Every structure is written in C-alpha cells, then in structure tokens.
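Student: Generate a structure from the sequence data that follows.
(4 chains)
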2 protein chains.
Amino acid sequence: MNSKQEFIEKLRNSSLRPTKQRINICEVLFNRDKTFHFTINDLFNLIKDKTGEKVSLATVYNTVHAFHKKGYLKEIPINSNQTYFDTNVTDHHHFFDVKEEKLIDLKNEDVGPIEIQKSIPGKKIKSVEVLVKLED
Amino acid sequence: MNSKQEFIEKLRNSSLRPTKQRINICEVLFNRDKTFHFTINDLFNLIKDKTGEKVSLATVYNTVHAFHKKGYLKEIPINSNQTYFDTNVTDHHHFFDVKEEKLIDLKNEDVGPIEIQKSIPGKKIKSVEVLVKLED
DNA sequence: AATCTTCTTTAGAATAATTATAAACAACGA
DNA sequence: TCGTTGTTTATAATTATTCTAAAGAAGATT
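Tutor: The predicted model follows:
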C-alpha cells in the first residue's frame, strides 16, 4: 500500500506538481500489490470508478506520458489499436492472450537469457523484449 | 525475381481474384531480393511510384490484410502510430531503431534459442517474438 | 460472345486513438 | 497576498484504420 506522500514524491521526481488529479491517477496506478497492465482508456474509466472523481482524458494522457518518460511506467510493444502500459518497470517479458486481449507478465527467469549476436555500428541496445502470443 | 504468374498463384491461394490492382501490389511487395519492412502508407506511396498506377488506399488495406491472414506477410509488434509488416514470414526477430523508426531483421541464429518456462492452462504458444530497441 | 452472378475497387464517410489549443484555474515562491 | 509558472479542461484537430454502397471487372454458364 502506497501512501499519498509517496505519490507526491513520485510526482516531484517527475517534475510534476502534485495536483488532485495526478494523485488520483497515482492512486489507481500504484496503489496495488500486483503489476497492472492497462490502456489509457482502462485507466480513464478506473479513475472515475475508484476515486469517484473525473479526470479529463487529456490529463490522463499527459500524466501517463510523463511517468513513462521518467521510467515509472513501461510501454509494451504490441500491435493493438490501443497502447498498453505496465506498472512493472523491471526488465521482463509478456504473454499476450490474443483472444482475450490480455497481458500476463513473464518473470525474467521464465525466459532464458537472450543473447543478441549481432550489432549495428553506432547503435547500442536500449531494451530487449519478448512477446509470446497465446492462442487456445 | 518473381513473375506475374507467381503473383497470380499467390493471390489464388489467398482466395483473391488476380486483379490489376492486386498484381501491382504484389509487384511492390514481392518483387525484391531483400526482406521488405513497411507500413500501409509506405506501400501505398510506393505503388504509385513504381507502377505508375494508383491503387486506392482501401484496396491496399484489404489486400495486405488478406495476405497477412494467409501468412504471406508478417505483422511486427511495435508500438508505433502505424502498423508495420514484413515480407519475411520465416521465424525471426527484429531490431527497431527508435530514432530512425526503422526495422532491421535479426536472423534466428543471431538470437539464441528462447525457452519459455511458464505455461498458461488451456493456452498454447502461437509465436515468440523478440524486439530489440536500438538507441545512439 | 452474351449473360448472370459474385467479387472487387473506389471515393468518401465513419470511427477511434491520440495530440494540440487556448482559456480558466491551481500551485509555488517571494 | 501577489505574480509567475505550470496544470486542467473541453473541444477541436489530426491520423490510422474501417465501413459503405455504387460502379466496375472477373468467372462461370450457356
């Protein structure tokens, strides 16, 4: 359980002023035990449901992008009509249940080490992500 | 170099009638030595440039989706505003140069074998894709 | 070849996710 | 408290993709 104080710190670290709206967003994002996979639309709806207060869609977009930039959220590469984010920002991979359109975390130890034996001059590796698509 | 006859076969295999437009699309997609990574918009513009004939955007979408469904094209999971496809439908992975927004093929042997040591009851693995993001 | 049926193409409209705008408002520091 | 700067919001704009319905082309049948 995170406290409001922690959210305020997180926001300040992200150079964001701790406003009522942003704290509500944090409440939904970070006040949980398990990792949370979501689309902006999921989040937008959950804020209304969980806090009883509405935050404008534009603010949800802005805040999520700011957190993403600061590394408090991870963007998951999937081809979907919506962009998925993850509150688990550690190095890890995903299952994607194509039918249910649901993401499931894969712990790093669930996937053997991945060795990339090719390099591109002048470029370095920023991230290595595995997406395992699931079907019935 | 593929011939028009091969395109016609490909189309028939996909339950598509070989029309002038679709053959032009094939010309741009499959008449090449190297693998081709593209967005619908790339393809749309290339058709005009390479064949001198315009094909409507709707037809490009329809045909690409039909080929994708039949396995003649692969969709690459990336978070981008546009969907990327690949003419290389063999099992392989990708570099994505974030700055240039460009894809580069990774041969399967460039990436060690990937072992997934977790399973979800009732689901089976459809695909395993590695995306390596590159930065400067 | 003429005809009929079915599939295809097309322009344009509709949809949906995301981003931009600019005015009202809130947080912060002096 | 006041002034500055950052923030929220509704709404408009943008962009990728899908839908629609009418005109046209392909394939089968005679």
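Student: Show me the helices in chain A, by range?
Tutor: Assigned by DSSP state H, chain A shows helices spanning A:4-13, A:20-30, A:40-51, A:57-70.
Student: for the third one, packing partners?
Tutor: On a contact count with 3 or more C-beta pairs under 8 Å, 6 or more residues apart in numbering or on different chains; DSSP states H and E, helix A:40-51 meets helix A:20-30, helix A:57-70. All C-beta spots, glycine's among them, are computed from the backbone N, C-alpha and C.
Student: top strand in chain A by residue count?
Tutor: When chain A is parsed with DSSP state E, its longest strand is strand A:124-135.
Student: Now do that strand: distance to the chain's middle.
Tutor: In terms of C-alpha atoms, centre = their mean, to the nearest Å, the centre of strand A:124-135 is found 15 Å from the chain centre.
Student: can you dump the C-alpha coordinates of it into PDB?
Tutor: Extracted C-alpha coordinates of strand A:124-135, given in PDB (Å, rounded to 0.1, in the frame of the first residue of the first chain):
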ATOM      1  CA  LYS A 124      23.500   0.300 -28.800                       C
ATOM      2  CA  ILE A 125      20.900  -1.800 -27.300                       C
ATOM      3  CA  LYS A 126      18.300   0.000 -25.300                       C
ATOM      4  CA  SER A 127      16.000  -2.900 -24.500                       C
ATOM      5  CA  VAL A 128      15.200  -6.500 -25.400                       C
ATOM      6  CA  GLU A 129      11.600  -7.500 -25.100                       C
ATOM      7  CA  VAL A 130      10.000 -10.800 -25.800                       C
ATOM      8  CA  LEU A 131       6.300 -11.100 -26.700                       C
ATOM      9  CA  VAL A 132       4.800 -14.500 -26.600                       C
ATOM     10  CA  LYS A 133       1.400 -14.700 -28.300                       C
ATOM     11  CA  LEU A 134      -1.000 -17.200 -26.900                       C
ATOM     12  CA  GLU A 135      -3.900 -19.000 -28.600                       C
END
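Student: OK, now which residue of chain A is nearest to DNA strand C?
Tutor: A:Thr83 (3.4 Å; C-beta to the nearest atom of the strand).
Student: isn't A:Asn13 right up against A:Lys70?
Tutor: Yes - proximity of A:Asn13 to A:Lys70 meets the contact threshold set by C-beta atoms under 8 Å, at 6.7 Å.
Student: Look at those two and report which has more neighbours.
Tutor: Counting neighbours by other C-beta atoms under 10 Å in any protein chain shown for A:Asn13 and for A:Lys70 shows that A:Lys70 has the greater number, 15 against 12.
Student: Not counting residues beside it along the chain, what's closest to the more buried one?
Tutor: A:Ser14 (4.3 Å; C-beta to C-beta, 6 or more residues apart in numbering or on different chains).
Student: re the thing from before, can you lay out the helices of chain A as CSV showing mean pLDDT?
Tutor: Listed next are the helices of chain A as CSV, based on pLDDT from 0 to 100:
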stretch, mean pLDDT
helix A:4-13, 91
helix A:20-30, 96
helix A:40-51, 96
helix A:57-70, 95
